[in-house]
Structures are given as structure tokens and as C-alpha cells.
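> Let me see the structure of the following:
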Amino acid sequence: MRLRNSDGSATGRSTPNKPLHPTRPPATLAAGAGERLLVSRREAMTKPREIAERVFEDIRVAHGALVMNLERHLGVVEVELTIKAQAGLKFDVTLSLVNEDELYLGAGELWVSWFPCTSDDVVRQYRDAIEGVLSGRYRILEYRRWGRLVKAYLQRPNGAAWQNVHRYYSSWPFSWLCTDVRAVQNLPR
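Purely as a prediction, here's the structure:
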């Protein structure tokens, strides 16, 4: 098989007669009570979406005093809960389900993910991180160079010290040359 560029011209390379990437079937078969049901790929994806929506609804109920905006998308970001900075919250927080099974937490400039969201342990860790950030129990330790965020750690208290839960690195070189380190934490309620 000849490889082609996006404009249709040949690349000059050839490969054996097999696809470049394994193809996903457009539908999967699900067996139940002796019969076979054809389940579309979109229907098979509802479980991660349901998990994310359940977590987001629990957060909404637990923190009812905060104004939140829930959006459902059909693209890469499937479900997104946005909480803007307001009384009781020092920075913007974004929760989202991305790429079918990745749960993202954005707090200020920190962006971290947990996956797969079908794992109960992953969902528990994600929910604990969200609760920790919103309640002020967790903090974000930011490292900056010339005002730009270079790296950040999501941390939880561990006795008298802080334990890293997750980390974020920007793609900026020389991240070890940080001149400003600060802790960002929501106001305890």
C-alpha cells in the first residue's frame, strides 16, 4: 500500500497491506440473556460520562453556595463543570471528562488528570482532590520564573508536613531555576 500526503500525492514510502493504525469497530457486541445486542460506540461511552456527571452533581450538592456551570459537549471535552472565583473560592476551578475516560481538575493554573475514570479508586482520589481544593484542605505549591508558572504540586496535609498528590510541569525549559515559590490555598470555610 502506498502512503499518501494530505493533498493526495504519494510519499514515496510503502508499507505492507495492513492499516497504519488498528481500527476500532464502529460498534461492539454485548451479550445478555442468550441474545446478542448491537451497542453503538456512543452508548458504550455513557458509563464514563455517567460517572463524571455523578461526581459533578455530588460536588454541586456538597458546595451549593458556589455558583457552578455544567456544560455537555460532543467533542474531546464531554462534560465540564466550571466554578469561577467568587466569595468562598479564591481561584477558578474546572472539572471535566476528557478523551472518554480522563477526569481533569484545573485549579488556578494547575491542570492534572486521573484515569481511567471507570476505576473506583481513581474516582475516589479525584473526588478527594476536588473536595480538598474547594474546602481549603489541599493547597497548590507553585514555582514561578519571571512571573510564569513553571511547575506546581497539588498537596495534602500529612501531619505537620505536606504530601504531593499530583504534579504539573509546563513545557518551559530550566524548570529548576525558579525564583518564586508560593502556596495557593482556598479560604477555609
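> So, low pLDDT: which residues of this protein?
Low-confidence segments of the chain (pLDDT under 70): 1-46, 171-176, 178, 188-189.
> For the spatially most central residue of it, grab phi and psi.
In the chain, the centroid-proximal residue (Cα atoms, centre = their mean) is residue 104; its distance is 1.6 Å. Phi and psi for residue 104, reported as degrees, to the nearest 10, are phi -110, psi 150.
> Okay, and the beta partners of it?
As for beta bridges, residue 104 partners with residue 96, residue 113 under DSSP bridges.
> who are the neighbours in contact with it?
With contacts defined as Cβ atoms under 8 Å, 6 or more residues apart in numbering, the neighbours of residue 104 are 94, 95, 96, 97, 98, 111, 112, 113. Just so you know, the C-beta spots here come from the backbone N, C-alpha and C atoms, and that holds for glycine as well.
> Ranking by neighbours, what's the top pick from the residues you listed?
Of all these, the highest neighbour tally under other Cβ atoms under 10 Å goes to residue 97, namely 28 neighbours.
> Please identify the helix or strand for the closest residue to that residue other than its chain neighbours.
Using Cβ to Cβ, 6 or more residues apart in numbering and skipping residues adjacent in sequence, the residue nearest residue 97 is residue 52, 3.7 Å away. Assigning secondary structure by DSSP states H and E places residue 52 in helix 46-62.
> Show me what that helix is packed up against.
strand 77-83, strand 93-98, helix 120-135 (3 or more Cβ pairs under 8 Å, 6 or more residues apart in numbering; DSSP states H and E).
> Looking at the ones you listed, which is nearest to residue 62?
helix 120-135 (7.3 Å; Cβ to Cβ).
> can you pull the buried residues of that closest one?
Of the residues in helix 120-135, 122, 123, 126, 127, 129, 130, 132, 133, 134 count as buried by neighbour count, 16 or more other Cβ atoms under 10 Å.
> Any chance of JSON lines for these, columns distance to residue 72?
Below are the buried residues of helix 120-135 laid out as JSON lines (distance: Cβ to Cβ, whole Å):
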{"residue": "122", "distance to residue 72": "21"}
{"residue": "123", "distance to residue 72": "19"}
{"residue": "126", "distance to residue 72": "19"}
{"residue": "127", "distance to residue 72": "20"}
{"residue": "129", "distance to residue 72": "23"}
{"residue": "130", "distance to residue 72": "19"}
{"residue": "132", "distance to residue 72": "26"}
{"residue": "133", "distance to residue 72": "23"}
{"residue": "134", "distance to residue 72": "22"}
